[in-house]
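1. Okay, sequence plus prediction incoming.
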Amino acid sequence: MRASANSASVVVNNRSMGCLKIGSGRGLEPWYQPGRQRRALPRAAACRYNPHGNANMNTSSGNEQRDVRLSKLERIRAAGINPWPERFVRTHTLAEARALPAGTAGVRVCGRLMTMRVMGKMSFATLQDQSGRCQISVQCEAVGEPFYKEVWKKLIDLGDFLGIEGEMVVTKTGEPTVAAKSVQFLGKALRPLPEKWHGVQDQETCHRQRYLDLTMNRETMERFLLRSRVVSSTRNFLDRHAFVEVETPVLQTKASGAAAKPFFSHHNSLDMQVTLRIAPETWLKRLIAGGFDRVYEFARCFRNEGMDPSHLQDFTMLEWYASYWNYEDNMRFTQALLQHVIQESLGTLLLTLRGRAVDFSGEWPRVSFRELILKDCGIDIAECKDADALRAAVRAKGIALPEEEIRALGFGNLVDQLYKKVSRPALTGPVFLVAHPIELSPLARRNDVAGELTDRFQLVVAGWEIVNAYSELVDPLDQRQRLEEQARLKTGGDDEAMEMDEEYLLCMEHGMPPISGFGMGIDRLVCLLSNQDNLRDVVLFPLLKPQA
RNA sequence: GAGGCCGUAGCUCAGUCGGUAGAGCAACGGAUUUUUAAUCCGUUGGUCGCGGGUUCGAUCCCCGCCGGCCUUACCA
């Protein structure tokens, strides 16, 4: 193991989500431990600089609860208390504190105040941080009557961030509790939290104000922590297998590597149109040509296409390329990687996904396109010479494909429609789908023996295609022909067709080794593994139109 | 792009077959030293998404717009 679990302190993934790795009972890592306490400034100095000003403090905001909190803020400042101090030295996360033996003194915890039960001179409250929740108790006697009556009871609200120093106790109902000796503001909230029992239910609010969703709905936090684990576990596995993580351009002069409509933008000082990438593929293969053995990238890609629950405008695609591998090497590696990632991030290989039991352990079966379709509907696609023959066979079997839509389809797309209709929904998997017809796979390497097939595999799980991989096309003459055909389509008005890419061809003409490449939508994998129906629920801040 | 559904207090939701709206939580005042959705007493809070129309009167009916969700077509 490259980074052993018990030495990892802070994991920052590529989604900029700082993630504190919580070890069970291991205590906080050095990064966290109380260092030299910065000496407190004299009160007057601490409060002299007031960047938040009083601009709104005397004017009604039109929101009753906010106004009440603004007036509390004034009283907090008047009392010489800094409502937003710069730092708090904590000794334990809340989950760690809960595990401490009763009697442990000098426990310093912090978090957001989620519930508060004031019973006269004794109060219980709940703090929440990333690790979970822990009860605290505040007694009049322990914190002093002026503080208890004037600050704790009058100025502290649900939603505020607080820091507590105290001793671990266990209440008579058995609840681990930090009994506070002192309580301090760490961040005053001017707006109330959503309802404490139901939280935020409205999906739009969850997307627009994800911080509220994360605060109120633990399963949302767990889902994004899962995403982070999936990414870091994948990265670790690839690193351990001699893959090199690279970054390739997002802004480029032509979109290449996939058939999709790009986003366009404008570069001012060069005065030229640029596009956002639709795939990292051609760049990564250039790196293989340049001598990298194995490369990968978690590539944010952008496609200017329709929105629905299974498509995002910007999404994260993991692609990797390995020199000297064919697609079968890649298939074995894919299985090993996903088994590792699923075991490490979910703790088991036996999952229930979309209502079906899915077993990721053992060897995953492989099935060819032809066998699968033959089994599911009795049509042997190898015996159909062309699209018309296949169309006739479909009609003869009475399979309900939309007549209007399939009339113009070529053989490849027709096979694909048939597969999506008769086979894919029933595939629970994990199963590798192999031997795709060449018409269906314009980018993959033609099989050396069966020229009508390609060296390609897809991984299907619970009816979802989550991986697409090939033996890569490295023949520059073949590639040129295929790109010329795409360029013809483009000129003919197909705005999803690929553009001619001379620079890429130039690279290929300089020579490439055998390569197998792999592509997987990270959002879709996480969506599947977390049993979500909408990709927007596995993206922290999905794109939404501005509210009216 | 097409079709359907939805938008009421800070949050979760009722409601009005057309007569300018209710509850719980939150907030505010009070009681309360072992609660954990604390409890008890009292109080405040709304341009019913926005704009038109019909009507004596619209949160409700009609039209348009804004935003969201679902289905559907194209891309992973």
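-> All right, it came through fine.

2. Now do the same for the closest residue to RNA strand B within chain A: its pLDDT.
-> Closest residue of chain A to RNA strand B, C-beta to the nearest atom of the strand: residue A:120 (1.7 Å). C-beta coordinates here come from the backbone N, C-alpha and C atoms, glycine included. pLDDT, residue A:120: 93.

3. what's the distance between it and residue A:149?
-> 11 Å (C-beta to C-beta, to the nearest Å).

4. Settle it for me: which of the two has more neighbours?
-> residue A:149 (12 against 7; other C-beta atoms under 10 Å).

5. Spatially nearest residue to the more buried one, not counting backbone neighbours?
-> residue A:140 (7.5 Å; C-beta to C-beta, 6 or more residues apart in numbering).

6. Repeat that for residue A:105.
-> Excluding the flanking residues, the one nearest residue A:105 by C-beta to C-beta, 6+ apart is residue A:167, at 4.7 Å.

7. quick one, what contacts that neighbour?
-> A:103-107, A:178-179, A:181 (C-beta atoms under 8 Å, 6 or more residues apart in numbering).

8. returning to what we had before: and the residue of chain A closest to RNA strand B, backbone torsions?
-> phi 70, psi -120 (degrees, to the nearest 10).

9. Equivalent analysis for residue A:276, please.
-> With angles defined as degrees, to the nearest 10, residue A:276 sits at phi -90, psi 140.

10. What of residue A:67?
-> phi -60, psi -40.

11. what about it, neighbour count?
-> Neighbours of residue A:67 under the rule other C-beta under 10 Å: 17.

12. State the distance from it to residue A:191.
-> From residue A:67 over to residue A:191 (counting by C-beta to C-beta), the distance is 11 Å.

13. Verify the stated contact: residue A:331 with residue A:432.
-> Yes. Proximity of residue A:331 to residue A:432 meets the contact threshold set by C-beta atoms under 8 Å, at 5.7 Å.

14. Now list whatever residues contact both of these two.
-> Going by C-beta under 8 Å, 6+ apart, residues that sit against residue A:331 and also against residue A:432 are A:366, A:457.

15. quick one on the thing from earlier: which SS state does the residue nearest to residue A:105 fall under?
-> Judged by DSSP: H, G, I helix; E, B strand; the rest coil, the three-state class of residue A:167 is strand.

16. Buried residues, whichever helix or strand residue A:185 is part of. List them.
-> When secondary structure is defined by DSSP states H and E, residue A:185 falls within strand A:176-187. Buried residues in strand A:176-187, counted by 16 or more other C-beta atoms under 10 Å: A:176-181, A:183-186.

17. now, the most widely separated pair of those residues?
-> A:176 and A:185 (23.9 Å; C-beta to C-beta).

18. before we move on, the earlier item: can you tell me which residues contact the residue nearest to residue A:149?
-> Per C-beta under 8 Å, 6+ apart, neighbours of residue A:140: A:121-122, A:148-149.

19. which of these are buried?
-> Buried members of those, counted by 16+ other C-beta under 10 Å: residue A:148.

20. With distance to residue A:335 added, can I get the contacts of residue A:140 in a markdown table?
-> As requested, these are exported to a markdown table (distance: C-beta to C-beta, whole Å):
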| residue | distance to residue A:335 |
| --- | --- |
| A:121 | 62 |
| A:122 | 58 |
| A:148 | 61 |
| A:149 | 64 |
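
21. Enumerate the beta-bridge partners assigned to residue A:184.
-> With DSSP bridges as the criterion, residue A:184 is bridged to residue A:163.

22. Oops, could you answer that again for residue A:118 instead?
-> residue A:123.

23. Enumerate the residues of the stretch 401-548 of chain A near RNA strand B.
-> The stretch 401-548 of chain A comes close to RNA strand B at residues A:405, A:465, A:468, A:496, A:521, A:523-524, A:533-536, A:542, A:544-548, as judged by C-beta under 7 Å from any atom of the strand.

24. Report the separation between the nearest residue to residue A:411 once chain neighbours are set aside and residue A:486.
-> Counting by C-beta to C-beta, 6+ apart, residue A:411 lies nearest to residue A:387, which is 4.4 Å off, once chain neighbours are set aside. Distance, residue A:387 to residue A:486, using C-beta to C-beta: 20 Å.

25. cool, and residue A:230?
-> 34 Å.

26. go on, residue A:120?
-> The separation that residue A:120 has from residue A:486, given C-beta to C-beta, amounts to 77 Å.

27. Which secondary structure elements does the helix or strand residue A:108 falls within sit against?
-> Taking DSSP H and E as the criterion, residue A:108 maps to strand A:107-119. Applying 3 or more C-beta pairs under 8 Å, 6 or more residues apart in numbering; DSSP states H and E, one finds that strand A:107-119 makes contact with helix A:94-98, strand A:122-129, strand A:132-139, strand A:161-170, strand A:176-187.

28. which residues touch residue A:384?
-> A:390, A:393, A:411.

29. Spatially central, which residue of chain A would that be?
-> The residue lying closest to the centre of chain A (C-alpha atoms, centre = their mean) is residue A:227, at 4.5 Å.

30. helix/strand/coil for that residue?
-> helix.

31. which residue sits closest to it, ignoring its sequence neighbours?
-> In space, residue A:227 is closest to residue A:526, 4.6 Å off (C-beta to C-beta, 6+ apart).

32. That neighbour: what's it in contact with?
-> Residue A:526 makes contacts with A:223, A:226-227, A:230, A:532, A:538, as judged by C-beta under 8 Å, 6+ apart.

33. Any of those buried? List them.
-> Counted by 16+ other C-beta under 10 Å, those give A:223, A:226-227, A:230, A:532, A:538 as buried.

34. Tell me which two in those residues are the farthest apart.
-> Between any two of these, the greatest separation by C-beta to C-beta is 13.2 Å, found for A:230 and A:532.

35. To which secondary structure element is residue A:75 assigned?
-> For residue A:75, the element it lies in under DSSP H and E is helix A:64-78.

36. Distance check, the residue nearest to residue A:227 against residue A:76.
-> Counting by C-beta to C-beta, the gap from residue A:526 to residue A:76 is 41 Å.

37. Could you list the low-pLDDT ranges of the stretch 51-200 of chain A?
-> A:51-62 (pLDDT under 70).

38. tell me the contacts of the closest residue to residue A:452 other than its chain neighbours?
-> Of all residues beyond its chain neighbours, the one nearest residue A:452 is residue A:438 (5.7 Å), with distances taken as C-beta to C-beta, 6+ apart. Going by C-beta under 8 Å, 6+ apart, residue A:438 touches A:412, A:444, A:446, A:451-454.

39. For PyMOL, write a command that selects the buried ones of those.
-> In PyMOL, this line selects whichever of those come out buried by 16+ other C-beta under 10 Å:
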select buried, chain A and resi 412+444+446+453+454
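
40. Out of the contacts of residue A:438, the closest to residue A:84 would be?
-> residue A:444 (56.5 Å).

41. From residue A:94, how far out is the closest one?
-> In terms of C-beta to C-beta, residue A:444 sits 51 Å off from residue A:94.

42. so where's chain A shaky on pLDDT?
-> A:1-62, A:402-410, A:442, A:492-497, A:548.

43. What distance do you get for residue A:305 to residue A:220?
-> From residue A:305 to residue A:220 the distance is 27 Å (C-beta to C-beta).

44. Give me the more crowded residue out of the two.
-> A direct count of neighbours by other C-beta under 10 Å for residue A:305 and residue A:220 places residue A:220 higher, at 19 against 14.

45. tell me which element the more buried one is part of?
-> Per DSSP H and E, residue A:220 falls inside helix A:218-240.

46. near RNA strand B, anything from that helix?
-> No. Figure legend: helix A:218-240 not in contact with RNA strand B (C-beta under 7 Å from any atom of the strand); closest approach 13.0 Å.

47. For the helix or strand following that helix, name the packing helices and strands.
-> Downstream of helix A:218-240, the first helix or strand assigned by DSSP H and E is strand A:244-245. Here strand A:244-245 touches helix A:218-240, strand A:294-302, going by 3+ C-beta pairs under 8 Å, 6+ apart.

48. Make sure the residue nearest to the centre of chain A is actually in contact with residue A:538.
-> Yes. Residue A:227 lies in contact with residue A:538 (C-beta under 8 Å); the separation is 6.0 Å.
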